[in-house]
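Novice: next comes the sequence, and after it the predicted model I'd like to discuss.
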Amino acid sequence: MTAIADRSVGRARPVRSARATVAAYVSLTKPKLVELLLVTTLPAMMLAAGGWPGTGLVVATLVGGMLAAGAANTINCWYDRDIDRLMSRTRDRPIPSGVIAPRNALVFGVLLAWVSLVLLGLFTTPLATALAAAAVLAYSVLYTMVLKRRTRHNTVFGGLPGAAPVLIGWAAVTGSLDWPAFVFFGIVFCWQMPHFWALASRFRFDYFRAGVPMLSVVAGPVTVGRQSVAWAWGTLGTSLLMVPATPQLGWVTGVATLGLGAWYVAESHAWLRRIKADVPDRPMRLFSVSITYMTLLSIALVADVLV
């Protein structure tokens, strides 16, 4: 489905089929981002349980977390519809392209949030439900509406709700939080900075056109590269605390945290070298490595619990 010529915000046109309508609403939730967030939830649950926490609890937590993240992303799309129409990466999203009316998107986002919290409240723990509610509010209100357009540190603040699935998963099992959950949270939090700064550098002109003060817009490429290197080292350093903080983990996690962390650091340094050499810096290489890093680390944690 092509976007309408008049991209004015708030003007919707009928979609051609029920399938197209469903696909448009699903795209508002940013399913690829949701999937990446949920990759960290299951390892956190298994670490908390010392094994498989039960299929019912896993399904309820993952579905509830998916709906909560989807709600936050949908509200983000609703609020950012004015700048999304200015950026080539986002102008074809359902709201700026006129496929979904803004009011309908907002109602959908609020409904997703309500369903997610009811589901988590019924089948998990009060702490997990409260953390999910806090994450939705932190991302959709504090980050999206307050900080994103006002400070270069928006990504750092946005990283807090981005790492929340770890805490939610742990709390869903135990009803409390403990040091391993905080260490895993710290890994995901630090990991997000190079991950998102690489993406923002790829689309820096989009953010400039929209007036969003991402670090890649307000600072030079070398500064962004150096900050990414520092946070990649922070990711490695924090990850090395995972085994000491978690008695049931052993050599599998130890090897994974060291090897994957070193790879992440090396790629961040490689990006900085390309920036300094004034050659094509290819930030998406670091972005791709970051996704692989988090996926493999999560697999290693699950494997270590099961060994």
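Specialist: That came in fine, so what should we check first? Predicted model only: the values in this text are computed from it and were never measured.

Novice: which stretches of the stretch 201-307 of the chain have low pLDDT?
Specialist: The model of the stretch 201-307 of the chain has no residue with pLDDT under 70.

Novice: quick one, helices of it?
Specialist: For the stretch 201-307 of the chain, applying DSSP state H, counting those that start in this stretch gives helices covering 204-210, 215-218, 221-239, 242-245, 251-276, 283-306.

Novice: the ones you listed: which one's closest to L117?
Specialist: Across the helices of the stretch 201-307 of the chain, L117 has its closest neighbour in helix 283-306 (24.8 Å, Cβ to Cβ). The C-beta positions use only the backbone N, C-alpha and C, and glycine is treated the same way.

Novice: returning to what we had before: in TSV, list the helices of the stretch 201-307 of the chain along with mean neighbour count and distance to W78.
Specialist: Converted to TSV, those look like this (neighbours: other Cβ atoms under 10 Å; distance: least, Cβ to Cβ, whole Å):
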stretch	mean neighbour count	distance to W78
helix 204-210	17	16
helix 215-218	22	23
helix 221-239	21	29
helix 242-245	18	37
helix 251-276	19	33
helix 283-306	19	26
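
Novice: next, format these as CSV and append distance to G70.
Specialist: Formatted as CSV, the helices of the stretch 201-307 of the chain follow (distance: least, Cβ to Cβ, whole Å):
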stretch, distance to G70
helix 204-210, 23
helix 215-218, 26
helix 221-239, 26
helix 242-245, 28
helix 251-276, 27
helix 283-306, 19
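
Novice: ok, Y264 - contacts?
Specialist: Neighbour list for Y264: W191, P194, A232, T235, L236, V289, S290, Y293 [criterion: Cβ atoms under 8 Å, 6 or more residues apart in numbering].

Novice: also D84?
Specialist: C77, T90, R91, R93, I95, P96, A210.

Novice: which ones are touching I168?
Specialist: Going by Cβ under 8 Å, 6+ apart, I168 touches T41, A44, T61, G65, A68, L120, A128, L131, A132, A135.

Novice: now do the fifth one against L120, distance only.
Specialist: Between A68 and L120 the distance is 7 Å, computed by Cβ to Cβ, to the nearest Å.
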